[in-house]
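Enquirer: need a 3D model of the sequence below.
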Amino acid sequence: MPNLYPTTGVADADYDAEANGSTATYGKTVQFDFEKHEFIISPTGKMKTVGESDAWGEWCVKALCTERFKYLAYSSDYGEEVDTLMGQSKPHAVIESETRRMVKECLMCDPRTASVDNFSFTWIDDGFIFSCKITNTLGESMTITRTVVK
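Expert: This next block holds a predicted model:
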């Protein structure tokens, strides 16, 4: 199976080690401003890096912001498809259930992710806003929020 993880500071061998039962390696990655769609630059002009659970959090947000099957740089296993639910005439409960499934499928493929739960949904005129709690294998949690519109 092709590698599901971008190589942003963590060697592929680290993920192979996890598959063999050893502890997941968190590594480090360049920090990205998802609102401005650009890398965060330090006052000295260098790209800011984060490590450990912050790097994992960056990966989770990036995976949930990447449309699955759209970019050739990623395998067909990377990203999410929540946007495809919009415009369908399905009850809110069905869309919420499918969103839970798709988000869990997207994030649980990373060996650093222990759980994805505590979903909440707010429906707006042209879509919905969801948030969920994600927990890594170190026991650290964070909440991710995303807006999905038509």
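
Enquirer: show the pLDDT at the residue located most distally from the centre of the chain.
Expert: In the chain, the residue that sits farthest from the middle, by CA atoms, centre = their mean, is residue 44; the gap is 29.0 Å. We have a pLDDT of 88 for residue 44.

Enquirer: quick one: stretch 104-112 to chain centroid distance?
Expert: 8 Å (CA atoms, centre = their mean, to the nearest Å).

Enquirer: buried residues in it, which are they?
Expert: 104, 106, 107, 110, 111, 112 (16 or more other CB atoms under 10 Å). To be clear about C-beta, it is placed using only N, CA and C from the backbone, and glycine gets the same treatment.

Enquirer: ok, stretch 122-142 next?
Expert: Burial within stretch 122-142, assessed by neighbour count using 16+ other CB under 10 Å, is assigned to 127, 128, 130, 132, 134, 135, 136, 137.

Enquirer: which residues sit against that stretch?
Expert: 23-24, 26, 52-53, 56-57, 60, 86, 92, 95-96, 99-100, 103, 107, 111-121, 143-150 (CB atoms under 8 Å, 6 or more residues apart in numbering).

Enquirer: these, buried ones only, as a PyMOL selection?
Expert: Buried residues among those (16+ other CB under 10 Å), as a PyMOL selection:
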select buried, resi 24+26+53+56+57+60+95+96+99+100+103+107+111+112+113+116+121+144+146+148
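
Enquirer: one step back: out of the buried residues of stretch 122-142, which are inside helices?
Expert: Among the buried residues of stretch 122-142, no residue falls in helices (DSSP state H).

Enquirer: which of those residues fall within strands?
Expert: 127, 128, 130, 132, 134, 135, 136 (DSSP state E).
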